[in-house]
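[1] Provide a 3D model corresponding to the input given below.
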Amino acid sequence: MRKTLLASALLVALSTSSFAAGPSVNGAEISQARIDAVVKMMQDQGQGQTADPKMADMVKDQLITAEVLRQEAVKKGLDKTPDFKAEMENMQAMALANRVIKDFQKANPVTDDQIKAEYDKLVASVPETKQYHARHILVKTEAEAKAIIESLRKGKAFETLAKEKSLDPGSKQNGGDLDWQEPGTFVAPFAEALAKLSKGQVTATPVKTEYGWHVIKLDGIRTQRNVPSLDEAKPQLAQRLMGARVEKFVGDLKAQAKIQQ
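    Numbers count the residues shown, from 1 in each chain. Down below sits the predicted model:
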């Protein structure tokens, strides 16, 4: 990929007019402007840092090599062949097409307000999901779970019992806290029992799953849309908005043109 980009950059440089003097091959000068053009193109492709002297030296060497080969091609008359002329016409057309698109993008920047409006539409299009903030105490037997429910009825704190009794190492030290979760993250019997609770309630009877017997408490319910933050979504939204603008710009130009196929 890197070689392809460099080759493309060299071809553009070969068609760039000379300005400031640079190295020469058999009297044919390679301007500094041509070297700078290739360096900039490579930097735009993420292949180097700004003002990297090693890159400039590499580009200069590549352009010298290209000039030696160009002169040899001219000697052989390869620049007069129809396929070469067609290739150069295509390259010129693509280079100018890229330039007019960049000019359009510069004249029609995407604003923060437009990105925010697009983000609001994105958020509105994502359905809300219900999440539960639950706690549980996991034990081996139904009898143990019933004893815990009885202790809760007598006023013992759920968090304390979880730390003392629960077999779930991931939550017991946090008082059985399972944090906010969507129902689908729980096994079916657990999720079904949780859905029947109101905020602050504890299951009246133990709940059996493949892991053992649970006593479940519901700390809260909320609805939430699973979307990235505005800052996280901003680059992609800006790209989407600009892409749509460029597509319309090109489409309008094609609609106005007399195209025969």
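
[2] For the chain, which segments count as strands?
    24-25, 28-29, 129-139, 177-181, 207-209, 212-224 (DSSP state E).

[3] Mind putting those strands into JSON lines with distance to residue 57?
    From N, CA and C alone the C-beta is placed, and that goes for glycine too. JSON lines is the format used below for the strands of the chain (distance: least, Cβ to Cβ, whole Å):
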{"stretch": "strand 24-25", "distance to residue 57": "16"}
{"stretch": "strand 28-29", "distance to residue 57": "17"}
{"stretch": "strand 129-139", "distance to residue 57": "57"}
{"stretch": "strand 177-181", "distance to residue 57": "56"}
{"stretch": "strand 207-209", "distance to residue 57": "68"}
{"stretch": "strand 212-224", "distance to residue 57": "55"}
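
[4] right, and those - which one's nearest residue 254?
    Proximity to residue 254 (Cβ to Cβ) singles out strand 28-29 among these, at 39.8 Å.

[5] Distance from the closest one to the middle of the chain?
    The chain centroid and the centroid of strand 28-29 are separated by 45 Å, computed with Cα atoms, centre = their mean, to the nearest Å.

[6] low pLDDT regions in the chain?
    1-21, 47-52 (pLDDT under 70).

[7] Could you break it into its assigned domains?
    2-76, 112-125+227-256, 129-224 (automatic domain parsing).

[8] Single out the most deeply packed of those.
    Comparing the domains of the chain by mean neighbour count (mean count of other Cβ atoms under 10 Å), domain 129-224 ranks first with a mean of 16.

[9] Any idea how far apart the tips of it sit?
    The straight-line separation of the ends of domain 129-224 (Cα to Cα, to the nearest Å) is 5 Å.

[10] before we move on, what about stretch 150-160?
    End-to-end for stretch 150-160, by Cα to Cα: 14 Å.

[11] And the residue lying farthest from the centre of the chain, how close does it get to residue 260?
    Distance from the C-alpha centroid of the chain peaks at residue 154, with 53.1 Å (Cα atoms, centre = their mean). Residue 154 is 90 Å from residue 260, where distance means Cβ to Cβ, to the nearest Å.

[12] and if you look at residue 214?
    Relative to residue 260, and taking Cβ to Cβ, residue 214 is found at 74 Å.

[13] Check residue 134 too.
    Taking Cβ to Cβ, one finds residue 134 at 68 Å from residue 260.

[14] Please, where are all the helices along this structure?
    2-14, 32-44, 53-75, 82-107, 112-125, 142-153, 158-165, 188-195, 230-256 (DSSP state H).

[15] got the ones you listed as JSON lines, with distance to residue 208 columns?
    Formatted as JSON lines, those follow (distance: least, Cβ to Cβ, whole Å):
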{"stretch": "helix 2-14", "distance to residue 208": "60"}
{"stretch": "helix 32-44", "distance to residue 208": "62"}
{"stretch": "helix 53-75", "distance to residue 208": "67"}
{"stretch": "helix 82-107", "distance to residue 208": "61"}
{"stretch": "helix 112-125", "distance to residue 208": "39"}
{"stretch": "helix 142-153", "distance to residue 208": "7"}
{"stretch": "helix 158-165", "distance to residue 208": "16"}
{"stretch": "helix 188-195", "distance to residue 208": "6"}
{"stretch": "helix 230-256", "distance to residue 208": "41"}
